[in-house]
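1. from the sequence below, what's the structure:
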Amino acid sequence: MVAALLLFMAVALVYAASYLVSKHYMQSHVTIKALGIKVYFDSNCTEICEYINWGYFAPGENKSITVYLYREGNVNATLHMYTMDWEPENASGCLEVNWDREGYYMSETVLEATITVSVCSEPSIEEASWSIVVEATEA
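-> So this is what the prediction gives:
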């Protein structure tokens, strides 16, 4: 009797966890495209950032990541970021992507930047992918 009760509780727990992940959380995958600049995970600029797996988002959750921008050459640049290639297309209505370096005039060789993703309070999708384009234009 005790074994049957424990088995029932284990099955119920697994079912509840899978329900929460599949119905209330959203997984996301992001490709980083860099134009006129390089993006790294580390301040020594040795680990290139081409892909971010944000993992699962709870409704209303915000997540941030710090990246490091490496300016090639001696030309100062103005920084911009935008998103594209949303899958599914309506994902952009539930996700907001921002960073703290929009319009920044970069004269440094290496610069720290924070990218933040916010998910809406009632996501209608279970998974999303998109591209973040980080662009440095000659100033």
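2. residue boundaries of the helices in the chain?
-> Under the criterion DSSP state H, the chain contains helices at 2-24.
3. excluding chain neighbours, what is closest to the residue nearest the centre of the chain?
-> Nearest to the mean C-alpha position of the chain, counting by CA atoms, centre = their mean, stands Trp54 at 4.8 Å. In this structure, Trp54 finds its nearest non-sequential neighbour in Ser28, 4.5 Å apart by CB to CB, 6 or more residues apart in numbering. From N, CA and C alone the C-beta is placed, and that goes for glycine too.
4. quick check, the one you found in contact with Glu126.
-> No - contact criterion CB atoms under 8 Å: Ser28 and Glu126 do not qualify, at 10.3 Å.
5. and these two? Which one has more around it.
-> Legend: neighbour count by other CB atoms under 10 Å for Ser28 and Glu126, higher for Ser28 (20 against 14).
6. where exactly do the strands run in the protein?
-> Taking DSSP state E, the strands of the chain run over residues 26-35, 38-40, 51-57, 62-70, 77-87, 95-99, 105-106, 110-119, 127-138.
7. tabulate these in a markdown table, adding columns for mean pLDDT.
-> Formatted as a markdown table, the strands of the chain follow (pLDDT from 0 to 100):
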| stretch | mean pLDDT |
| --- | --- |
| strand 26-35 | 92 |
| strand 38-40 | 98 |
| strand 51-57 | 92 |
| strand 62-70 | 97 |
| strand 77-87 | 97 |
| strand 95-99 | 96 |
| strand 105-106 | 97 |
| strand 110-119 | 97 |
| strand 127-138 | 95 |
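8. any idea how far the residue nearest to Trp54 lies from Gly73?
-> Counting by CB to CB, to the nearest Å, the separation of Ser28 from Gly73 is 33 Å.
9. contacting residues around the residue nearest to Trp54?
-> Each residue near Ser28 by CB atoms under 8 Å, 6 or more residues apart in numbering is listed here: Asn53, Trp54, Gly55, Phe57, Leu95, Val117, Glu127, Ala128, Ser129, Trp130.
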